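[1] Sequence first, predicted coordinates after that:
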Amino acid sequence: MQHAEFLAGMLAMALVGGLAVLLILRPWVRPMKRGWETSHEVVTENFRLQTARVKRQTAEEQNRAAQTAIMAEQTRAQLIQAKAKNDQAEIEATIEAEQTRLRLIEAKAESDRAEIERRAALKRAGINPDALSPRQVKCRLLIVSMATIGLFIIAIVIRIYFSK
C-alpha cells in the first residue's frame, strides 16, 4: 500500500510540475488572441481541471490500493484460519495417537496381569509354571528324533562312501 501511495504522490507531483511549467511558458509559446487576462483565465481553468483530474486519478489509485490491501488482509485471514484448522487437526490426531498408545499400554498391562495370575494359580496348584506343556514336549521330541535319524543316515552314507 505504501508503494501505491508513493507512486500516486510521484504522479501527482509530476503532473503539478508539468502544469506549472506549462503555465509559465504558455504565454510565450503560443500567445492567446484575446489577451493576457483571457489567457490567464483559460490557464487557471485548465489548471483547475487538470488538478481535479489528478485528484480523481489519485483517489482512484488510492481506492485500488485500498482494495488490494483489503484483499491481501482477507487472504491473510484465510491463511490464518486454514493454519488454525490444520493445527487443530494435528492436535486432534496427536490426541488420538496418544489415546491409542494408552489403550495399547493398558492392554499389555492387562495381559501381563493375566499371565502373572496364571503363573500364581499354577504355583498354588503345585505345578511348575515354567514346565513345558505336553504339546511342547511332543514337538521337541519330534525335532530331536528327526535330527537323530538325519545324523544316522549321514553316518551310514559316510561309512558306505569310505568303505569302497
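    Cool, the structure landed.
[2] In the chain, which helix is the longest?
    helix 36-124 (DSSP state H).
[3] List the buried residues in stretch 132-143.
    By neighbour count on 16 or more other C-beta atoms under 10 Å, the buried set for stretch 132-143 is empty. C-beta: built from backbone N, CA, C; applies to glycine.
[4] any weak-confidence spans in the chain?
    1, 22-23, 25-40 (pLDDT under 70).
[5] just to revisit the earlier point, run through the neighbouring helices and strands of the longest helix of the chain.
    helix 2-29 (3 or more C-beta pairs under 8 Å, 6 or more residues apart in numbering; DSSP states H and E).
[6] buried residues in the helix it packs on?
    Ala8, Ala12, Leu15, Leu19, Arg26.
[7] how does the chain divide up, domain by domain?
    Using automatic domain parsing, the domain ranges for the chain come out as 2-101, 132-164.
[8] which stretch among those comes nearest Ile116?
    domain 132-164 (18.4 Å; C-beta to C-beta).
[9] Please export the C-alpha coordinates of stretch 57-66 as CSV.
    Output of stretch 57-66 as CSV, limited to C-alpha atoms (Å, rounded to 0.1, in the frame of the first residue of the first chain):
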residue,chain,number,x,y,z
GLN,A,57,-6.8,9.7,-10.6
THR,A,58,-5.0,9.9,-7.2
ALA,A,59,-8.3,8.9,-5.5
GLU,A,60,-8.8,6.0,-8.0
GLU,A,61,-5.2,4.9,-7.3
GLN,A,62,-5.8,5.1,-3.5
ASN,A,63,-9.1,3.2,-3.9
ARG,A,64,-7.3,0.4,-5.9
ALA,A,65,-4.5,0.3,-3.3
ALA,A,66,-7.1,0.1,-0.5
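[10] I would like the residues contacting that stretch, please.
    Counting by C-beta atoms under 8 Å, 6 or more residues apart in numbering, stretch 57-66 makes contact with Met1, Ala4, Glu5, Leu7, Ala8, Leu11, Ala12, all of which sit outside it.
[11] swap the cut-off to 10 Å and go again
    Met1, Gln2, His3, Ala4, Glu5, Leu7, Ala8, Gly9, Leu11, Ala12, Leu15 (C-beta atoms under 10 Å, 6 or more residues apart in numbering).
[12] Save those residues as TSV, and put in distance to Ala72 too.
    Below are the contacts of stretch 57-66 laid out as TSV (distance: C-beta to C-beta, whole Å):
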residue	distance to Ala72
Met1	8
Gln2	13
His3	12
Ala4	12
Glu5	15
Leu7	17
Ala8	18
Gly9	21
Leu11	22
Ala12	24
Leu15	28
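[13] Many thanks, I have nothing further to ask.
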